[in-house]
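**Student:** What would the 3D arrangement of this be:
(one chain, ligands or ions: 1)
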Amino acid sequence: MTNPVLNTRLCQLLDCEYPIIQTAMGWVADPNLVAATCNAGGFGFLAGAVMTPAQVEQGIAAIKEKTTRPFGVNFHMYAPGADQIIDICIQQRVRAVSYSRSPAKSSVEKLKQAGIVCMPTVGALKHAEKAVAMGADAVVVQGGEGGGHTGSVSSNILLPQVVDALNVPVIAAGGFKDGRGLVAALSYGAEGIAMGTRFLLTRECPVPDATKQEYLKSATEQIIVSRKLDGMPQRMILNQCLQQLETRSALGMLWLAVRNGLAFTRLTGGSLLGMLGSAWKMKQSNGMTLGQTLMAANAPMMIQEAMVKGHPQQGILPSGQIAGTIGDLPAVEELIQQIVAEAEAVLDRFAAASTAANSAELVAHN
Ligand SMILES: Cc1cc2nc3c(=O)[nH]c(=O)nc-3n(C[C@H](O)[C@H](O)[C@H](O)COP(=O)(O)O)c2cc1C
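**Tutor:** Predicted coordinates for the structure are as follows:
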């Protein structure tokens, strides 16, 4: 039997065996990875933020073919197809949704009325408080170590701060990979851990092997936060592509962005003029340079270059710092079993030490 300490409120909320979440990662958290996580007793989120509503629906159907366990969908509440995705999640009885940035309160209410667990990811205390005021059932708190868009406060500081302030279950994200981390998160008052990078480095993850090898080779110091991709702080591996972005002048960025934009419009059938027009409008409202704004518009293509096409130097590699400490590619089931076994070993060690201390006290009293 699993140690009861690991059976947290999160397990009841999500109807999963272990308090371990596989977070959504664009072009990474596909139906195969989600189903493998759920079948192994964890809880997986489909990366719907980079999908059309039709693709989300297909993704959900593909997950249901591979597992009967509950799972979740991640998407941007502010994206054009969000209302359709909400309806699909309700029709398909998805267990939970995850999102970041300001959702509409009415969307959260609609999901909750349908019995769907609303579980946003936040990177700062004030965002956690706002998310709960908007109706979140639980909050994933991502420390600055985490991959992709990330905040500046580390898990060690942010997690207890948020736990103290909220009365809904809090899940720790950013920098977790093993059972020691799980017990540490529980000791801070969290109800489980959510991991991105660790699940990216598994056998079921669809990312091409050449790209996974680049993650395995990376050193922690080489996984930096940069605003160069889309103007927001994002943690990525400092590869050839990011190095170029870091060292370009504003004019150089503009040229790179136009070149990428041209390639992107060839791929999607859009027009460069159209892209320039919308980038100009974005620039007016967010104060970034035109080069940065255009770059933000084609960031998805640069990420896909590495994550889908398997060209790790030519594309962008969003990553948590934890990648610098990971050297293997286990199967998801192996990974989850190992995390649970490690966590139980730590808890047993604490329990044995406490029993020994109590016995010694009893002997001393007699
Ligand atoms: C490759 C990659 C892609 C990501 N894409 C998304 C995404 O599409 N939506 C999202 O909410 N978070 C995204 N994230 C953030 C993760 O869901 C998660 O919060 C983060 O990876 C946790 O930190 P860790 O990498 O240290 O485990 C991404 C992270 C990575 C590494």
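
**Student:** tell me the contacts of residue 239?
**Tutor:** When contacts are counted by C-beta atoms under 8 Å, 6 or more residues apart in numbering, residue 239 touches 214, 312, 313, 316, 317. No exception for glycine: its C-beta is placed from N, CA and C like everyone else's.

**Student:** Just give me the closest of the residues you listed to residue 245.
**Tutor:** residue 316 (8.4 Å; C-beta to C-beta).

**Student:** Confirm that that closest one sits in a helix.
**Tutor:** No. Under DSSP: H, G, I helix; E, B strand; the rest coil, residue 316 sits outside any helix and is assigned coil.

**Student:** Surely it and residue 301 touch.
**Tutor:** No. Using C-beta atoms under 8 Å, residue 316 is not in contact with residue 301; the gap is 9.4 Å.

**Student:** quick one: which of the two has more around it?
**Tutor:** Taking other C-beta atoms under 10 Å, residue 316 and residue 301 do not tie; residue 316 has more neighbours (26 against 19).

**Student:** part of a helix, is residue 49?
**Tutor:** Yes. Counting by three-state DSSP, one finds residue 49 located in a helix.

**Student:** I'd like the distance between it and the ligand.
**Tutor:** 4 Å (C-beta to the nearest ligand atom, to the nearest Å).

**Student:** residue contacts, that residue?
**Tutor:** 24, 26, 74, 75, 76, 79.

**Student:** if we go to 7 Å?
**Tutor:** Residues in contact with residue 49 (C-beta atoms under 7 Å, 6 or more residues apart in numbering) are 24, 26, 74, 75, 76.

**Student:** Could you provide those residues in JSON lines, with additional columns for secondary structure and pLDDT?
**Tutor:** Below are those laid out as JSON lines (DSSP: H, G, I helix; E, B strand; the rest coil; pLDDT from 0 to 100):
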{"residue": "24", "secondary structure": "coil", "pLDDT": "97"}
{"residue": "26", "secondary structure": "coil", "pLDDT": "96"}
{"residue": "74", "secondary structure": "strand", "pLDDT": "97"}
{"residue": "75", "secondary structure": "coil", "pLDDT": "95"}
{"residue": "76", "secondary structure": "coil", "pLDDT": "91"}
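
**Student:** Make JSON lines from the residues you listed and add distance to the ligand to it.
**Tutor:** JSON lines is the format used below for those (distance: C-beta to the nearest ligand atom, whole Å):
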{"residue": "24", "distance to the ligand": "5"}
{"residue": "26", "distance to the ligand": "4"}
{"residue": "74", "distance to the ligand": "5"}
{"residue": "75", "distance to the ligand": "8"}
{"residue": "76", "distance to the ligand": "8"}
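
**Student:** most neighbours, which of those?
**Tutor:** residue 24 (28 neighbours).

**Student:** I figured that residue hits residue 44, correct?
**Tutor:** No. Applying C-beta atoms under 7 Å, one finds residue 24 not in contact with residue 44, separated by 8.6 Å.

**Student:** Number of residues surrounding residue 77?
**Tutor:** By other C-beta under 10 Å, 22 other residues sit near residue 77.

**Student:** nope, residue 10 is what I meant
**Tutor:** With other C-beta under 10 Å as criterion, residue 10 counts 25.

**Student:** Now name the helix or strand holding it.
**Tutor:** helix 9-14 (DSSP states H and E).

**Student:** related to what we said a few turns ago, and which of the contacts of residue 239 is nearest the ligand?
**Tutor:** Within those, proximity to the ligand (C-beta to the nearest ligand atom) peaks at residue 317, which comes in at 7.3 Å.

**Student:** So residue 256 lies in a strand, does it not?
**Tutor:** No. The assignment for residue 256, made by three-state DSSP, is helix rather than a strand.

**Student:** which parts of stretch 178-186 are buried?
**Tutor:** Across stretch 178-186, burial judged by 16 or more other C-beta atoms under 10 Å covers 178, 179, 181, 182, 183, 184, 185, 186.

**Student:** same deal with stretch 10-26?
**Tutor:** The neighbour-count check on stretch 10-26 (16+ other C-beta under 10 Å) flags 10-11, 13-14, 16-26 as buried.

**Student:** Repeat that for stretch 77-88.
**Tutor:** For stretch 77-88, burial by neighbour count (16+ other C-beta under 10 Å) applies to 77, 79, 81, 82, 84, 85, 86, 88.

**Student:** Take those residues and keep only those in helices.
**Tutor:** Secondary structure from DSSP state H places 82, 84, 85, 86, 88 of the buried residues of stretch 77-88 in helices.

**Student:** Filter those to keep only those in contact with the ligand.
**Tutor:** Counting by C-beta under 6 Å from any ligand atom, nothing from those sits close to the ligand.
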